[in-house]
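Enquirer: dropping the sequence and predicted coords here.
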Amino acid sequence: MTRSREIRSCDGSLFVASASMGRSAGIRDGAWKVLCADWLAVAAGFARGSIDFLYVDPPFNTGKTQASPARAGARGRADDAAYADAWATMGDYIAWLRERLDATLPAMKRSGVVAVHCDFRACHHIRLMLDELQGEANFVNHLIWSYGLGGSSPRRFARKHDDILVYAIDAARYHFEPPMVPATSQRLRGELKKATDVLDIPSLNNMAAERTGYPTQKPLELLTLLVGAFAPAGGTVLDPCCGSGSTIEAAVRLGRDAIGVDQNPRAVEIATARLAARGAVGACGAHGSVGGRRGRSGPRVRPA
Ligand SMILES: C[S@@+](CC[C@H](N)C(=O)[O-])C[C@H]1O[C@@H](n2cnc3c(N)ncnc32)[C@H](O)[C@@H]1O
């Protein structure tokens, strides 16, 4: 079944999305919407108990502005995307993140999972903050995304990983489907084994087809693994700092419904165009009403 729908991005530009339902190996694409807003402004609007998996990839507080790679335009990608990634103090940054997480937690299902993506700069602060917010007993994993690419340093071991802190809403009830990855040992060669907490997934190189030009874009392979593990089939995924929409695309491909939020209009354009190109239909329901039903008609995506 093919459908099409007009979708308006936050600067008013129009995208027409269409979907061929049931095209990816028997899995029907999930529904999606991408909102242009400060995460905090929309957090209270998500229906209580409607979200299965909250994945947050916020700015890391690097002290810089993150911008598209200089030559991205030559490859037909966005070369004009940027976002601010600096707070006056680490305390300000953690308070910023905490306020938004706190406002979003009521929207989580009891079986829900929260994952916060960060790096060496703030990981230890965020871990303590999440212990307080979620309760130490609900800690699930400290995942290491080991990505390999990049330079080295003569002064220290090269920093080649990000941290993903995972907490359950309720440790006794959270959803987890162990991802299977190729075994590396000689004995199990050619077989699959359950993934460990070290995820060896290359970061996107310059030639990667999925590259959009958006700065700090995460690979679909990483998000596919996380969404598949923590969001049940037909469940709803929320990414409130969605950037280029990697999480949204991974979720939609896996048949999960997905809501993306970003305050940067350029991110919303890129994510929306990316999903529209895939042919997926936006669910476009009111905030929080997406969960559980896919591909239905409803109000268009609007700037929040
Ligand atoms: C690390 S990037 C996300 C990259 C994304 N995971 C991807 O694969 O493209 C962080 C994003 O958070 C967004 N952001 C920063 N502050 C925000 C806020 N208050 N509300 C919503 N989005 C915000 C930035 O515009 C940026 O796109």
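Expert: It's in. Residues are numbered from 1 along each chain as shown.
Enquirer: give me the number of residues near the residue of the stretch 201-304 of the chain found nearest the ligand?
Expert: In the stretch 201-304 of the chain, the residue that lies nearest the ligand is Gly243 (2.7 Å; CB to the nearest ligand atom). For glycine as for every other residue, the C-beta is placed from the backbone atoms N, C-alpha and C. The local packing of Gly243 (other CB atoms under 10 Å) involves 28 other residues.
Enquirer: contacts only, for it.
Expert: Contact partners of Gly243, counting by CB atoms under 8 Å, 6 or more residues apart in numbering, are 57, 83, 214-218, 262, 264, 267, 270-271.
Enquirer: and if you look at Arg75?
Expert: Contacts for Arg75 (CB under 8 Å, 6+ apart) come out as 206, 211, 213.
Enquirer: what is the end-to-end distance of stretch 170-184?
Expert: With CA to CA, to the nearest Å as the measure, the first residue of stretch 170-184 is 33 Å from its last.
Enquirer: follow-up on the earlier one: need the max-distance pair from the contacts of Gly243.
Expert: Maximum pairwise distance in the contacts of Gly243, criterion CB to CB, is 15.6 Å, between Lys218 and Asn264.
Enquirer: same drill for those two, tell me which one is more crowded.
Expert: Neighbour totals were compared for Lys218 and Asn264, and Lys218 leads with 23 against 19 (other CB under 10 Å).
Enquirer: correct me if wrong: the more buried one contacts His117.
Expert: Yes. In this structure Lys218 lies within contact range of His117 using CB atoms under 8 Å: 7.4 Å.
Enquirer: hey, what's in contact with both of the two?
Expert: Asp57.
Enquirer: looking at this protein, which helix or strand does the model trust least?
Expert: For the chain, the helix or strand with the lowest mean confidence is strand 14-20, at a mean of 29 (criterion: mean pLDDT, DSSP states H and E).
Enquirer: next structured bit after that strand?
Expert: From strand 14-20 onward toward the C-terminus, using DSSP states H and E, the following helix or strand is strand 32-36.
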